[in-house]
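Student: coordinates only, sequence not included:
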């Protein structure tokens, strides 16, 4: 299935779009399987270049999905004319050794090994005498002031403890004065021209050096030094001087797009069917094939889930299910850390609706023909899930229910917003996040069975009351980590 196939398919799709013809969909297993096969082969073709977020390949996939929604008669979610929700991919922040410098008493320290710029820092350079101001807190109601009796502070570099008096305790009265931004504001008022945060409290739980966008930038350099106070400010020295230079460079990864259609039944509650359509492009840090610069087609991850969302859109549009509205959404930025789904749940569009549940399809294309097992995660997110899955409907495959909600797929932002979720997955395989995840390895009949099951399950849910959310445990380990560990164990056992 090469570029000729893809071009022909696009021509067929374009003809539907131009002439307004609505195809007559049949929903027998054979017809469903053919449509899934076509969609997955196109989405996972070399022409789409691995569908990495923010690239031309992602945009080709975006446009393909839009055309399929139009073909099925699905209206846009984001207004009357647009199916897309653009968002900026999270900027990556870079701090280089050459442009970030810290020395005290003529000893230079190493970036990341000894110190790091803090998220609030400006890009600046200062030098001068250091002054230890303990926790940098002034709390009149608690009769506490670290700046009391300190004179001649203006123009100095302040050394401030991250913790609070008496040690970090959640119920401490000093918690109201514990934020870094409060301490920076107060330091500036007292004349600081640079700030060095240190941590002498082993119970202090926070990591202060992550570089994230959206934080206020202060007009002075701010760093975190991960060694003891005596290292940079020894008691034996009568004068302790420092030089600080910070430069945090941003690498904007571009714009990505969520794609969503809407079936408006004028209902009070809405159901979300979703899955991500982005993948790894030509590999990079997410690849489990070291040094590979080949196209990572992502047939299972997640052309399979994207095709599933599109197929369910066809089914729901042609069904008589009117009790709920339906959002059919494919996310970008999943491989970048759930950026698309996180953006959606924080958007005004999300706040328009009351949600019954969210179903996430991610890697549903590699059902093992011998075990015929499908994993359903987050079944603990509503008390009703287990009962429905156990009793309805009949399946041709084995279901493994996992109560916990794994963190690294697009249902998780919904779960965090108290929406009952269900995550369908056929499990990991040796081709995961490698160039070997191609369309010819998909179990199309197995995915067809999953789609048919989902059609039945959605019908059953339509006759039930709105689900109630229940908090369940979250599985911290990523699937990639789990897979690598299992592969490591397998390799060790093979050598024995």
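Tutor: Great, that's in hand. Bear in mind that the values here come from a model prediction, so they are computed numbers and not experimental data.
Student: in the stretch 251-400 of the chain, which spans are strands?
Tutor: Ranges of strands in the stretch 251-400 of the chain, per DSSP state E, counting those that start in this stretch, are 255-263, 270-276, 325-331, 355-361, 373-377, 398-402.
Student: can you list the weak-confidence ranges in the stretch 201-350 of the chain?
Tutor: 206-215, 251-253, 285, 290-291 (pLDDT under 70).
Student: cool, and the stretch 351-496 of the chain?
Tutor: 473-496.
Student: Would you map the helices across it?
Tutor: Using DSSP state H, counting those that start in this stretch, the helices of the stretch 351-496 of the chain run over residues 383-391, 412-416, 444-462, 479-495.
Student: Tell me where the stretch 1-150 of the chain has strands.
Tutor: Going by DSSP E, counting those that start in this stretch, the stretch 1-150 of the chain shows strands at 75-76, 84-88, 92-94, 101-104, 107-109, 115-117, 124-132, 138-139, 144-145.
Student: The first one - contacts with which helices or strands?
Tutor: When you say that, I think you mean strand 75-76. strand 255-263 (3 or more C-beta pairs under 8 Å, 6 or more residues apart in numbering; DSSP states H and E). C-beta coordinates here come from the backbone N, C-alpha and C atoms, glycine included.
Student: other SSEs contacting the strand it packs on?
Tutor: helix 56-72, strand 75-76, strand 84-88, helix 305-317, strand 325-331, helix 339-346.
Student: Please list the outside residues in contact with the fifth one.
Tutor: Translated: strand 325-331. Residues from elsewhere that reach strand 325-331 (C-beta atoms under 8 Å, 6 or more residues apart in numbering): 65, 69, 74, 77, 258-267, 269-278, 306, 309-310, 312-313, 316, 338, 340-341, 344, 353, 410.
Student: Compute the number of surrounding residues for residue 198.
Tutor: The burial count assigned to residue 198 is 23, neighbours taken as other C-beta atoms under 10 Å.
Student: about what we covered before: filter the contacts of strand 325-331 down to the buried ones and hand me the ChimeraX line.
Tutor: Listed next is the ChimeraX selection for buried residues among those, using 16 or more other C-beta atoms under 10 Å:
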select :65,69,74,77,258,259,260,261,262,263,267,269,270,271,272,273,274,275,276,277,278,306,309,310,312,313,316,338,340,341,344,353,410
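Student: and residue 238, what is it in contact with?
Tutor: So residue 238 contacts nothing (C-beta under 8 Å, 6+ apart).
Student: so what's residue 101 closest to, chain neighbours aside?
Tutor: In this structure, residue 101 finds its nearest non-sequential neighbour in residue 245, 4.0 Å apart by C-beta to C-beta, 6 or more residues apart in numbering.
Student: beta partners of the one you found?
Tutor: Note on residue 245: beta-bridge partners residue 101, residue 125, judged by DSSP bridges.
Student: My read is that it contacts residue 99, right?
Tutor: Yes. Counting by C-beta atoms under 8 Å, residue 245 touches residue 99, with 7.1 Å between them.
Student: Those two: which is more packed in?
Tutor: Using other C-beta under 10 Å as the criterion, residue 245 and residue 99 rank with residue 245 on top: 19 against 16.
Student: What residues does the more buried one make contact with?
Tutor: 99, 100, 101, 102, 124, 125, 221.
Student: ok, how many other residues are close to the second one?
Tutor: It refers to residue 100. Using other C-beta under 10 Å, residue 100 has 23 other residues around it.
Student: Let me see the domain layout of the protein.
Tutor: Listed by automatic domain parsing, the domain ranges of the chain are 3-90+254-495, 93-250.
Student: Select, out of the strands of the stretch 1-150 of the chain, the one closest to residue 192.
Tutor: Comparing the strands of the stretch 1-150 of the chain against residue 192 with C-beta to C-beta, the closest turns out to be strand 124-132 (8.4 Å).
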